[in-house]
Each structure stands twice: as C-alpha cells, then as structure tokens.
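Q: task: produce atomic coordinates for the following.
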Amino acid sequence: MNRRHLAIAALAALATCAAFAAFPAAAQTPTRFTVDDALDLATYRLADLSDDGAWLVATSSTRRDALGVDYRRDGDPTYLRPLPSRVWVVDTRTGATRALFPDKRDVGALRWSPDASRLALLVRKGDAWQPLIWERASGKFTSIPLPDGTYPAEQGDVRWSGDGKSVLLSTHTTAWRDSARAQFARQTAGPIFVQSSKDPFLAWDELRRRGNVRSVVAYDLATGRTREVLPQAMMGSYVLARDGGAVTWTEDVTKKTDYDVIFGSENKLVTRGTNGTPRVLLPSLKNVTVVWADDGRHYAWAKDGRLSVASIDDTTARVLAAADTAKLPTDSAAADSARKAREKLRFTPVRFSKAGDALVASSKDGLWLVDVATGRREMFVETPDSTSRARRRAASSAGAPTGGGSTCRRHRATSGSAASCAGIAPRAGSTRWRSTRAATATCRSRATAARSCSPSPTSRGRATCTRRARTSRISAAWCARTRSSTGRR
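A: Numbering: from 1, shown residues only. Predicted structure coming up:
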C-alpha cells in the first residue's frame, strides 16, 4: 500500500469514527434534514502525510465555521479568510488519533519534518499567521522568530529542508501590508475609481500581482536563528535543493496586463547557490511546463515540441525528444501527414522517478516512460482515443446498411446515429454501444409510427400522415401506397 492509499484509509477511518460518535447508541426517531444539519456537516481534509507513511495530519471543519468570511475583501492580498478547524494527528499503523489543540483554530501549511518527529504549521494570531513547530514526542510548541518588521505571507507557504534541520517560509514586510491595504481601500471605498489601458497594469491586476512580492527565510532549529534565503522580489514558486546548496525560483517579468489571457503572466526561472550570484536558467516560462526531480537540482521542461532535461549546474540542456520544425510541404495531403507525425513527437513532462533516472511524459497517444540517460522511451499507457479513432474509421467505411437502412438515412446527418443506421456493432457495454442501441430503437420506432399513418378523411388526419411520411423515404412510400389503395387524397 503506497502513501496515498494509507492517507485515504486513515482519513476515512477518522471521518467514520467521528460520524458514529455524533450519534448516541440508542435508536432515535428519524427526523427531517434541516438547515442546521447541513451547516454542521463535517469535512475532513488531508493536510500532510509523513515520508514513511506512518503519520497523518488532517483538519476537520463544518460549513458553519465559514460563516465569518467577509467576501467583500476578496481581492485584498492581505486578507486571511477565517476557517476554524480541528487538527488531528493520526498514527496510520494503529489508527490512534489525537487532537493537536483542545478547540478549533485557524491553521495552515501543516508540514511534517522528513523524520516525522516534528510538525511545522501556521496558526492565526490576530490578523496574521504565527509560525510554530510541534514536537510529536513531547507535544511541545516552539514559536519561530522572524526578523523585525516582517510576518508570514498570507499564502501560507511552509516547508522543511531536506535534512530536516531548517524550516523555510515566505514573509511580507509590514510596510508592504500597509501599502496593499491602502490600495485596496482606494479601489473599493473611494468615490471615483478609474482604470486606464494606458497604464502598464490595470489597477486590479496590479493589486493581485502585489501578493507575489515576498522574501524567503529559513529558521535553524539548532541555533534558533532566522536567516534570509531569498531577498524580497516578485516571485512565484521556489524549489530548495535537497542538500541545501541552491535555491531556484520563478520571477515575474510581466510587463503589462495581458488582455488576451485572464490573469496572464510571464515568468523566468532563476537559480542561485548558497553564496553565489543569481543565474537565469530559462528566460521565459510562457507556454512551458517544468517538473522537478526530488533532489531539487534536476528538472525537465517542454517547449515548442522539444522535451529537454538539465540540472541547475548545467549550462546546456539535453534534448530527449524533438518534433520536426521544418516548413510543411505545400501539398495538403503531405502537410497533413507531416503535421500528424510531428504531433506524435510532442511530449509534456509529468514527473520524475524517485531516483531521477526516469521521466514520465505524456503525448497525444498516451503516457511514456523515458530513460533520462539514453532518451529511450516506451509507452506504458495508451490513450483510448488513439486506439479507438482508427477502429471507428474502419467500422464506418466497412459497415453495410441492414434492413431498414433507408429508413435511417435522415439520421446519418449526425455521427451518433450513423453507426446504428450502418449496422456497426461497437463493443458491448460501452457508451457508444448504448447510444447505438438507442439510435437503432429510434429508427425502428419512427418507421413503425410511419406505418400507422392510415389515411383519414379529415384535414388533420391528412396532415398527420404527411408529417409522418417525411420521417424517411420508406415511410413516405408506405403512406403513398396506402393512400392509392384507398382512393383518398
């Protein structure tokens, strides 16, 4: 059983026990489900699972707990949404559960240390987070000191170093908070608010982007001191090398508001050693997918049909797969063939193996396992569309109409009914098989209805017969023969 299965099983057991605890042992008279019942439904969320899968931390809250949210402050980068929750620590081997606090607290970013002996978390204190470390053995809490004039960023970003000796977290300055709040107040409480496309950024876009202005600090457990890892900058995500020797981050380099993509932005990938100077790895991450190995040093990315790998120490990348970028032939058939061949060589990285020697990549045809050293790849999961597309084309061309084929000629205008009219037999039990059976039944029912168009001396009867006759050519012929035999027009 892997870590994910352990987490799901433990969380299910916790929720089940809590559900049974909510009801007394004696049978009760059934009552109607009320609004209060809906507000008191508990939701459990997996916060983190230790690396060995032995310890789980989860939170539980109800809809009633979220009644204090001020939705008018959505868009304010300094606003912390209140959500009081109970915090549970679960031993996945025995199922034993303990509450981290005696009451509900606003918490965030709960992270186990690599050896699961400690838990780092953020607890709300006033209108800001307070970073804490909980010792699992003793149950003792330790507060993480921060430099004067700073506080934990509202995004709630906390993580451990690879050796478990340091805790990293993002911070804002109090000056940044005051400025952001003042800007939000001007845009929401002012009598007149103007946004102009002549400015590099629309006011709301600029305010949203300000949330990315932050710095990263590290707290050393042995010395009790906090040091700066990354100075204040407009950054997105960051990756710390497992050995602690380097940190890599994405830096926002957007020049103006993107009017084509909502909240569109452009970033560059930058790395820096412990005592080195920053170095740009990728000048632009627009339309680029990047995944990282567990060591925090090797990464893979895809751009313009090229799948590449490198480490933060490399100056050149190694291409694992590349689509042809030559000009397409002028002949339409040849161009279409070349275009399809290129699509087969377009890969997107998904994730590295634990050792970093293999990479899972996706393409239009399926999932591939790529050897990082040799570039050799092997498909291990085939996309259903890639196999069924050819079969559908073959079946459509080989299918012959069965009895009543002309009756369904009108239905051939849609691809869903064409299969049933052509007599194609899809795989039993599939969605297409069920739709085919339904379409076949529809064809038969309409033909039967057309046969019932016995002429009537009334105008309404003649109109009904005419309308049913339009259903298909066979139905029209049937009605015509019936009218001729009776002599009625």
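
Q: what about the residue lying closest to residue 252 once chain neighbours are set aside, which helix or strand?
A: With sequence-adjacent residues excluded and distances taken as Cβ to Cβ, 6 or more residues apart in numbering, residue 252 is closest to residue 234, at 4.2 Å. Using the backbone N, CA and C atoms, a C-beta is placed for each residue, glycine as well. Element membership of residue 234, judged by DSSP states H and E, is strand 226-240.

Q: next secondary structure element downstream of that strand?
A: As assigned by DSSP H and E, the chain's next helix or strand after strand 226-240 is strand 246-252.

Q: note down every partner strand of that following strand and its orientation.
A: strand 226-240 (antiparallel), strand 267-273 (antiparallel) (DSSP bridges).

Q: pull out the buried residues from that strand.
A: 246, 247, 248, 249, 250, 251 (16 or more other Cβ atoms under 10 Å).

Q: measure the last one to residue 172 for me?
A: For residue 251, the distance to residue 172 equals 17 Å [Cβ to Cβ, to the nearest Å].

Q: same question for residue 360.
A: The gap separating residue 360 from residue 172 is 36 Å, by Cβ to Cβ.

Q: those two: who's more crowded?
A: residue 172 (24 against 18; other Cβ atoms under 10 Å).

Q: which SS state does that one fall under?
A: Here residue 172 takes the strand state, with states given by DSSP: H, G, I helix; E, B strand; the rest coil.

Q: report the residue spans of the stretch 301-450 of the chain with pLDDT below the cut-off.
A: Applying pLDDT under 70 to the stretch 301-450 of the chain flags residues 323-329, 338-339, 342, 385-450.

Q: and the closest residue to residue 255 other than its chain neighbours, backbone torsions?
A: Across the structure, with Cβ to Cβ, 6+ apart as the measure, the residue nearest residue 255 apart from its sequence neighbours is residue 200 (6.7 Å). Backbone geometry at residue 200, expressed as degrees, to the nearest 10, gives phi -60, psi -40.

Q: residue 200 - how many residues pack around it?
A: Taking other Cβ under 10 Å as the neighbour definition, residue 200 ends up with a count of 11.

Q: so who does it touch?
A: Residue 200 makes contacts with 255, 256, 257, as judged by Cβ atoms under 8 Å, 6 or more residues apart in numbering.

Q: residue 69: which of those residues is nearest?
A: Nearest to residue 69, judged by Cβ to Cβ, of those is residue 257 at 28.0 Å.

Q: what about residue 336, neighbour count?
A: The tally of other residues near residue 336 (other Cβ under 10 Å) stands at 12.

Q: and the residue nearest to residue 252, what are its bridge partners?
A: residue 213.

Q: my guess is it contacts residue 209. True?
A: Yes - counting by Cβ atoms under 8 Å, residue 234 does reach residue 209; the two are 6.8 Å apart.

Q: please identify every residue contacting each of these two.
A: Counting by Cβ under 8 Å, 6+ apart, the shared contacts of residue 234 and residue 209 are residue 252.

Q: what's the helix or strand for the nearest residue to residue 360 once chain neighbours are set aside?
A: Using Cβ to Cβ, 6+ apart and skipping residues adjacent in sequence, the residue nearest residue 360 is residue 350, 4.3 Å away. Assigned by DSSP H and E, residue 350 belongs to strand 348-352.

Q: same thing with residue 277?
A: Secondary structure (DSSP H and E) places residue 277 outside all helices and strands.

Q: got the phi and psi for it?
A: phi -100, psi 150.

Q: what's the neighbour count on it?
A: For residue 277, the neighbour count with other Cβ under 10 Å is 6.

Q: list the residues that contact it.
A: For residue 277, the set of contacting residues under the criterion of Cβ under 8 Å, 6+ apart is empty.

Q: centre-most residue in this structure?
A: Within the chain, one residue has its C-alpha closest to the average C-alpha position: by Cα atoms, centre = their mean, that is residue 350, at 12.9 Å.
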